[in-house]
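# sequence below, structure please.
(chains A and B)
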Amino acid sequence: MSAPPAPLQRLTALLLALLVILGARATSARGEPSLADLRRALLEAHGDASVGRALDALQARVGRVGELPDLSAFGDWLGALPDGRAADPLVLLRRGWAYVGSKRGQDALAPLEKVLKDDPSGGLVRAYLGEALRQAGRLADALAMLATAVKAGYDAPHLHESALEAVLGLRRDRPAREAEGLPAYVQAPGPFLLVVEDDALHATLARALLDDLAAFDKPDSVRGLLWARAAGEHAWHVLARTDQVEGGARLALDAALALESADNVAQGRTPRFDLLARAYVLGKPTEREGHDLPEVLPLLAEAALSEGRYELAHRLARERLELSKSPAARRVLLKLPPDIGD
Amino acid sequence: MLEAVTGARDGRGAVALPSGERALLEEALRLAGVKPPAGLAPPDDEGLSALPLARRLRARTHAGTATTPLPERFTELAPGALRAALLAATPADVDAHAEVLSGVLTRSPYARVRTAAALALLTAKRGAGGAVERTLLEALLDPLEGPENRALAVVRLGEDPGEDPQEWGRVLAARLGTAK
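Reported below is the predicted structural model:
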């Protein structure tokens, strides 16, 4: 859509201003206190409860009065309060929140850091500060701060969204192909994931690592082994906990495929078998015969074979051969001891 | 077979073979129902790429209900080998390591290892505060390993409680002494 011509823009601005003035009058006409009254109430408030109520009343006017058209302006307005009121911890916290809500993370840092300095126990403040740091582009710092929020006892969906966005930002800003070991987007959320269960973040990390492994490296290089191990661990962490992962069967299979070399190096000390087992279960349709990912069956049969689980290997190979011809499944049957199967 | 590999009918000299070959020979003898000569079995570590520990343990318990002692530092084994070691464990070994096994039962990230720990504890009639029963009831319903888990549990129970999970719960509780 093209921008409206300049005269039309001016007319629009005039109309908006008129509406704000009319809105303010209508507010007064309904008997609500004016913005000046609310400002005075905030300046004169004593105690946290009273300051909090005054801030709530002011916040309710955001978007309804000309002086406070949006959260960004609300934050600036709070910062300009006189008589030391702007330095009140609750005012600073609300100001920081307003800046975060209007994507002005850089401006939110100072007020939120001041609040945190006065009271380091605040999990909510740490969560806001984490998001502010993320918006300011300090993504690793953001994840570290979010971890401290959880440690302080605060947890909420917005905190997990901040962490996910920070990870995606790190992957964008510091591409995996330039990493010597694990990419920054995998290392930075480590402290966060130590203190919180975040299935979406684990799944995102696993998928991103598998994509980057396919794009930039090989699973049997030194770096590739490292990435495959990390992808497998993140995938297994989430798939061991829940079935509710979109594309879970595919994720399990891809992670298991990437882990083949790493599993050989570690002599079976990776979750490869378990990922294949998960892919088998998640890819098995409930409504019909067959399997959504038939390639899982011979791979899992081979893994069972290597663990000496011949009955399981036999059953899986047979199940695969019932679907269609499969040289891989037939190879498994040929490797079975003579006392197994037919 | 022993003579063909070692050059001596009584298997003397077998202990001088490389570990991988000794493991293969031990497996072949056990699967053929022949008791291997003393000292033939290599140590129960996993450094025998030709023959994983899980496969060696399977051969040792191949005929009937034989059991084997848990390898030293068994909790450091890879999940597949740990599962096999737990399934082959003697009741005395389970008793001796009951606390460690309870930890494996509740904390291993691998369902197959937790199930094997539950089966080992079932062998020694140890309920681990209800965790054995819960783990086994879950394991019976596993779409992949359920049939195998059921067969392993039936061998240890000496009876088949059938298809009803409630009946399984009743039988397991009675066996583990957790019935209310």
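
# where does the chain dip in pLDDT?
Defaulting to chain A. Along chain A, the model assigns pLDDT under 70 to residues A:1-30, A:342.

# actually, chain B is the one I wanted.
Judged by pLDDT under 70, chain B has its weakly predicted residues at B:1-12, B:47-50, B:63-66, B:179-180.

# from A:Ala249, how far out is A:Pro285?
10 Å (Cβ to Cβ, to the nearest Å). Backbone N, C-alpha and C define where each C-beta goes, glycine included.

# okay, the two: which has more neighbours?
The residue with more neighbours, out of A:Pro285 and A:Ala249, is A:Ala249; 21 against 9, by other Cβ atoms under 10 Å in any protein chain shown.

# burial count for the nearest residue to A:Pro191 once chain neighbours are set aside?
Sequence neighbours aside, A:Ala147 is the residue nearest to A:Pro191 in space, at 4.2 Å (criterion: Cβ to Cβ, 6 or more residues apart in numbering or on different chains). The tally of other residues near A:Ala147 (other Cβ under 10 Å) stands at 23.

# quick check: buried residues in the host helix or strand of A:Ala147?
Under the criterion DSSP states H and E, the helix or strand holding A:Ala147 is helix A:139-151. The neighbour-count check on helix A:139-151 (16 or more other Cβ atoms under 10 Å in any protein chain shown) flags A:139-150 as buried.

# again, but for stretch A:295-313
Those buried within stretch A:295-313 under the rule 16+ other Cβ under 10 Å are A:296-310, A:312-313.

# do stretch A:102-111 as well
Buried-residue list, stretch A:102-111, by 16+ other Cβ under 10 Å: A:102, A:104-105, A:107-109, A:111.

# tell me which of the residues you listed is nearest to chain B?
Ranking those by separation from chain B, with Cβ to the nearest Cβ as the measure, puts A:Gly105 on top at 36.8 Å.

# do you know how far that closest one is from B:Ala92?
In this view, A:Gly105 and B:Ala92 are 63 Å apart by Cβ to Cβ.

# hang on, the earlier thing: restrict the buried residues of stretch A:295-313 to those near chain B?
With Cβ under 8 Å from any Cβ of the partner chain as the criterion, the subset of the buried residues of stretch A:295-313 in contact with chain B comprises A:300, A:306-310, A:312.

# now B:Thr68. Its backbone dihedrals?
Summarising the backbone geometry of B:Thr68 under the convention degrees, to the nearest 10, its torsions are phi -140, psi 150.

# okay if I get the buried residues of stretch A:102-111 as JSON lines plus secondary structure and distance to A:Leu336?
Conversion of these to JSON lines gives the following (DSSP: H, G, I helix; E, B strand; the rest coil; distance: Cβ to Cβ, whole Å):
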{"residue": "A:Ser102", "secondary structure": "coil", "distance to A:Leu336": "66"}
{"residue": "A:Arg104", "secondary structure": "coil", "distance to A:Leu336": "66"}
{"residue": "A:Gly105", "secondary structure": "helix", "distance to A:Leu336": "61"}
{"residue": "A:Asp107", "secondary structure": "helix", "distance to A:Leu336": "68"}
{"residue": "A:Ala108", "secondary structure": "helix", "distance to A:Leu336": "64"}
{"residue": "A:Leu109", "secondary structure": "helix", "distance to A:Leu336": "64"}
{"residue": "A:Pro111", "secondary structure": "helix", "distance to A:Leu336": "69"}
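
# pick the one among those residues closest to A:Ala329.
Distance ranking of the buried residues of stretch A:102-111 against A:Ala329, using Cβ to Cβ, places A:Gly105 first at 54.8 Å.

# which residues of chain A lie near chain B?
Chain A has residues A:236-237, A:240, A:266-269, A:271, A:273-274, A:277, A:280-281, A:284, A:300, A:306-312, A:315, A:337, A:339 near chain B, with proximity defined as Cβ under 8 Å from any Cβ.

# how about the residue lying closest to B:Leu24 once chain neighbours are set aside, what does it touch?
Nearest in space to B:Leu24, with sequence neighbours left out and distances taken as Cβ to Cβ, 6+ apart, is B:Leu51 at 5.8 Å. B:Leu51 sits next to B:20, B:23-24, B:27 when contact means Cβ atoms under 8 Å, 6 or more residues apart in numbering or on different chains.

# what's the distance between A:Ile313 and A:Ala301?
You called it Ile, but residue A:313 is Ala. Computed with Cβ to Cβ, the distance linking A:Ala313 and A:Ala301 is 5 Å.

# any shared contact partners between those two?
A:Val332.

# follow-up on the earlier one: among the buried residues of stretch A:295-313, which are in helices?
When the buried residues of stretch A:295-313 are checked against helices (DSSP state H), the matches are A:296-306, A:310, A:312-313.

# what does the one helix or strand A:Arg171 maps to rub up against?
Taking DSSP H and E as the definition, one finds A:Arg171 inside helix A:157-173. Residues outside helix A:157-173 that contact it (Cβ under 8 Å, 6+ apart): A:127, A:130-131, A:134, A:137, A:139-140, A:142-143, A:146, A:149-150, A:183-185, A:188-189, A:192, A:196, A:198, A:200-201, A:204-205, A:208.

# how about that helix as PDB, C-alpha atoms only?
In PDB, the C-alpha atoms belonging to helix A:157-173 read as follows (Å, rounded to 0.1, in the frame of the first residue of the first chain):
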ATOM      1  CA  PRO A 157       5.600 -18.200  29.100                       C
ATOM      2  CA  HIS A 158       7.100 -14.800  28.100                       C
ATOM      3  CA  LEU A 159      10.400 -15.800  29.700                       C
ATOM      4  CA  HIS A 160      10.600 -18.900  27.500                       C
ATOM      5  CA  GLU A 161       9.700 -16.800  24.400                       C
ATOM      6  CA  SER A 162      12.500 -14.400  25.200                       C
ATOM      7  CA  ALA A 163      14.900 -17.300  25.500                       C
ATOM      8  CA  LEU A 164      13.800 -18.800  22.200                       C
ATOM      9  CA  GLU A 165      14.100 -15.500  20.400                       C
ATOM     10  CA  ALA A 166      17.600 -15.000  21.900                       C
ATOM     11  CA  VAL A 167      18.700 -18.400  20.600                       C
ATOM     12  CA  LEU A 168      17.300 -17.700  17.100                       C
ATOM     13  CA  GLY A 169      19.000 -14.300  17.200                       C
ATOM     14  CA  LEU A 170      22.300 -15.900  18.100                       C
ATOM     15  CA  ARG A 171      22.000 -18.400  15.300                       C
ATOM     16  CA  ARG A 172      21.400 -15.500  12.900                       C
ATOM     17  CA  ASP A 173      24.200 -13.200  14.300                       C
END
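
# quick check: buried residues in that helix?
Of the residues in helix A:157-173, A:159-160, A:162-164, A:166-167, A:169-171 count as buried by neighbour count, 16+ other Cβ under 10 Å.

# stretch A:320-330 too?
For stretch A:320-330, burial by neighbour count (16+ other Cβ under 10 Å) applies to A:320-321, A:326, A:329.

# which of those fall in helices?
Counting by DSSP H, the part of the buried residues of stretch A:320-330 found in helices is A:320-321, A:329.

# mind checking how far the residue nearest to B:Pro69 when sequence neighbours are not counted is from chain A?
With Cβ to Cβ, 6+ apart as the criterion, B:Pro69 has its nearest non-adjacent residue at 5.4 Å, and that residue is B:Asp93. B:Asp93 sits 19 Å away from chain A when distances are taken as Cβ to the nearest Cβ, to the nearest Å.
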